[in-house]
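Visitor: Following is a predicted model, sequence given first.
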Amino acid sequence: MTNLDQINNLEHVDKQSMLRHIQELPDQIENCWEEMKSFVMPANYIKLSNVVILGMGGSAVGGFLAKALAFSTSKVPIEVVNSYHLPNYVGPETLVIGLSYSGNTEETLTTFREAGKKKAKLVAITMGGELASIASNFKAPVYTINYGSQPRAALGYLFTAVLGVLSKLDLVDLGKDDVRESAVLMRGLATKLNPEVPTYQNEAKKLAITMEDKLPIIAGAGVMAPVAYRWRTQINENGKHLAYSLELPELCHNWLAGLKVPQPLLKQTYVLFIQSKHENERNRIRQNIIGQILRKQGVKYDIISLQLSGCVLSEMLVTIYLGDYVSYYMAILKDIDPTKVEEIEYLKKQLS
Ligand code: PA5
């Protein structure tokens, strides 16, 4: 295992600058929010019965996060579709947001075309590709992402652009300074997580080392559920490491009962609960009780809470940021380029 404090040449492993993209996440969020101010949507889009966000993988994460953030404020239901099929209710009063970094993702293109045929109100968020062409054919607005990276490394654009669209329609309640506050807090956290900070003072390096020989299971409630999911996908894609995510309080009603077999796997499992100061107090109590059960079964676990004074958005983004750094160090520990996702590319090639 590579010693994270004796890295002389990170570029040797991180050949496509994943670290730079992680460090640029606060800039992405601020740039996108600024650009969204001049993004115009047709006046008739204000009359809506529901919202459906289409996306897969790294792009879908932006939708899941936005849906969770808007949960308590949106007057209409918001759904994320990450499959080939639209819900039957999609029609002229549905806002359909096509979210695809590349603009060429098969499932997203299928559902976006279908939504156009059903006369839904369309918006595309993409770098271009086929999605932008379909949107233009339907005379729908396109927010063009002007940032070159892997889809997952452009989360700042994918998430913020959806928030921009939702806030123009009064579906999400963001304070005037929430985006700026988030970026400032993320930059502050980066100074504590960057490679020059030694392991004994660096929470991301410590967590990466803890998880490296384990099966990580990340769990969160409410807005932290999609954050836990982002941790999982980043550990999978950057860290090249098997991981799963779970949602509270649901896991208390099923997953808990399975903590018996297979025993060798239980010893290899590491559960990380991500707490939020905005979540229901009962979930914290649940986590403590689950902790007792995990200890009894010999499963290692931790609870993290960044306990910021800030808004919900900043709490979500700062926690995502920690997970992004953890996933990065997990790749470095293995001496593997965090950017490459050979299996995903192979599968897409075979399908085409
Ligand atoms: O991280 C990845 O590369 C994937 O999860 C992609 O995001 C996913 O395959 C969808 O592609 P896109 O985001 O370009 O629509």
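Guide: Thanks, I have it.
Visitor: alpha carbons only for contacts and neighbour counts from here, please
Guide: Fine.
Visitor: by contact count, what packs against the longest helix anywhere in the chain?
Guide: When the chain is parsed with DSSP state H, its longest helix is helix 312-334. Contacts defined by 3 or more C-alpha pairs under 8 Å, 6 or more residues apart in numbering; DSSP states H and E place helix 312-334 against helix 18-23, helix 178-193, helix 203-212, helix 224-237.
Visitor: Packing partners of the last one?
Guide: It refers to helix 224-237. So helix 224-237, by 3+ C-alpha pairs under 8 Å, 6+ apart, packs with helix 57-70, strand 215-221, strand 244-248, helix 312-334.
Visitor: can you put these in a markdown table and add mean neighbour count?
Guide: Listed next are the helices and strands packed on helix 224-237 as a markdown table, based on neighbours: other C-alpha atoms under 10 Å:
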| stretch | mean neighbour count |
| --- | --- |
| helix 57-70 | 24 |
| strand 215-221 | 23 |
| strand 244-248 | 19 |
| helix 312-334 | 24 |
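Visitor: Can you mark which positions in the host helix or strand of residue 293 are buried?
Guide: Per DSSP states H and E, residue 293 falls inside helix 281-296. Under the neighbour-count criterion of 16 or more other C-alpha atoms under 10 Å, helix 281-296 has 283, 284, 287, 290, 291, 294 buried.
Visitor: Which among the helices and strands packed on helix 224-237 is found nearest to residue 21?
Guide: Ranking the helices and strands packed on helix 224-237 by proximity to residue 21 (C-alpha to C-alpha) places helix 312-334 first, at 10.1 Å.
Visitor: hang on, the earlier thing: just the CA coordinates for the longest helix of the chain, please, in PDB.
Guide: These are the backbone C-alpha positions of helix 312-334, laid out as PDB (Å, rounded to 0.1, in the frame of the first residue of the first chain):
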ATOM      1  CA  VAL A 312     -28.300  22.600   4.200                       C
ATOM      2  CA  LEU A 313     -26.600  23.000   0.800                       C
ATOM      3  CA  SER A 314     -23.200  23.800   2.300                       C
ATOM      4  CA  GLU A 315     -23.600  20.800   4.600                       C
ATOM      5  CA  MET A 316     -24.300  18.500   1.700                       C
ATOM      6  CA  LEU A 317     -21.500  19.900  -0.500                       C
ATOM      7  CA  VAL A 318     -18.900  19.900   2.200                       C
ATOM      8  CA  THR A 319     -19.700  16.300   3.000                       C
ATOM      9  CA  ILE A 320     -19.500  15.300  -0.600                       C
ATOM     10  CA  TYR A 321     -16.200  17.000  -0.800                       C
ATOM     11  CA  LEU A 322     -14.700  14.900   2.000                       C
ATOM     12  CA  GLY A 323     -16.000  11.800   0.200                       C
ATOM     13  CA  ASP A 324     -14.400  12.900  -3.100                       C
ATOM     14  CA  TYR A 325     -11.000  13.300  -1.400                       C
ATOM     15  CA  VAL A 326     -11.400   9.900   0.400                       C
ATOM     16  CA  SER A 327     -12.100   8.200  -3.000                       C
ATOM     17  CA  TYR A 328      -9.100   9.900  -4.500                       C
ATOM     18  CA  TYR A 329      -6.700   8.700  -1.800                       C
ATOM     19  CA  MET A 330      -8.200   5.200  -2.100                       C
ATOM     20  CA  ALA A 331      -6.900   5.200  -5.700                       C
ATOM     21  CA  ILE A 332      -3.500   6.600  -4.700                       C
ATOM     22  CA  LEU A 333      -3.200   3.900  -2.000                       C
ATOM     23  CA  LYS A 334      -3.600   1.300  -4.800                       C
END
